[in-house]
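A.B. asks: Predicted model and sequence follow; I will ask about them next.
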Amino acid sequence: MWVVVCYDVNTETREGRRRLRRVAQVCKNYGQRVQKSVFECQVDQLKFEEFRRKLLKEVRLALDNLRIYRLTEPREKHVESYGEIQTIHFGDDTLVV
């Protein structure tokens, strides 16, 4: 499944800035950044549950905002993108040199 994760982390404190970095790192482990605080991720149900659990562990719900959107498949029919973007196609074979 494809999911989009968006977040706003309160960065007024040092702890908030650290939380922001930790949330971004969790997202990087599951997908790719498409905007500063927006990630597209392709995960199966088990990975999704793990991903969501890790994100909820990092955010403080009283201060931060986290949104997770599940995209309707096929993604290409439901997502419009304009402007500069570098997309990684997770389903493609990867060549490592």
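C.D. replies: Sure, I can see it. Just so we're clear, the structure is a prediction, and the values are computed from it rather than from any experiment.
A.B. asks: So, low pLDDT: which residues of the protein?
C.D. replies: 85-97 (pLDDT under 70).
A.B. asks: Tell me which residue lies nearest the centroid of it.
C.D. replies: Geometric centre of the chain, nearest residue: residue 39, 3.2 Å, by CA atoms, centre = their mean.
A.B. asks: name the helices or strands packed onto the helix or strand containing that one?
C.D. replies: Per DSSP states H and E: residue 39 is located in strand 38-42. On a contact count with 3 or more CB pairs under 8 Å, 6 or more residues apart in numbering; DSSP states H and E, strand 38-42 meets strand 2-8, helix 14-28, strand 31-35. C-beta: built from backbone N, CA, C; applies to glycine.
A.B. asks: So which of these is nearest residue 82?
C.D. replies: Closest to residue 82 of the helices and strands packed on strand 38-42 is strand 31-35 (CB to CB; 11.9 Å).
A.B. asks: tell me what that closest one is packed against?
C.D. replies: strand 2-8, strand 38-42.
A.B. asks: winner for burial among the helices and strands packed on strand 38-42?
C.D. replies: strand 2-8 (a mean of 18; mean count of other CB atoms under 10 Å).
A.B. asks: on that earlier part again, can you give me the offset of the following helix or strand past the strand holding residue 39 from its chain's centre?
C.D. replies: Using DSSP H and E, the helix or strand that follows strand 38-42 in sequence is helix 45-58. Its chain's C-alpha centre and that of helix 45-58 lie 11 Å apart, by CA atoms, centre = their mean, to the nearest Å.
A.B. asks: same question, stretch 57-68
C.D. replies: The answer for stretch 57-68 is 13 Å, by CA atoms, centre = their mean.
A.B. asks: That stretch: which residues count as buried?
C.D. replies: 58-59, 64, 66, 68 (16 or more other CB atoms under 10 Å).
A.B. asks: Test my guess that residue 20 contacts residue 12.
C.D. replies: No. Contact criterion CB atoms under 8 Å: residue 20 and residue 12 do not qualify, at 10.9 Å.
A.B. asks: quick one on the thing from earlier: give me the spatial nearest neighbour of the residue nearest to the centre of the chain, chain neighbours excluded.
C.D. replies: Leaving out its chain neighbours, the residue that sits closest to residue 39 by CB to CB, 6 or more residues apart in numbering is residue 27, at 4.1 Å.
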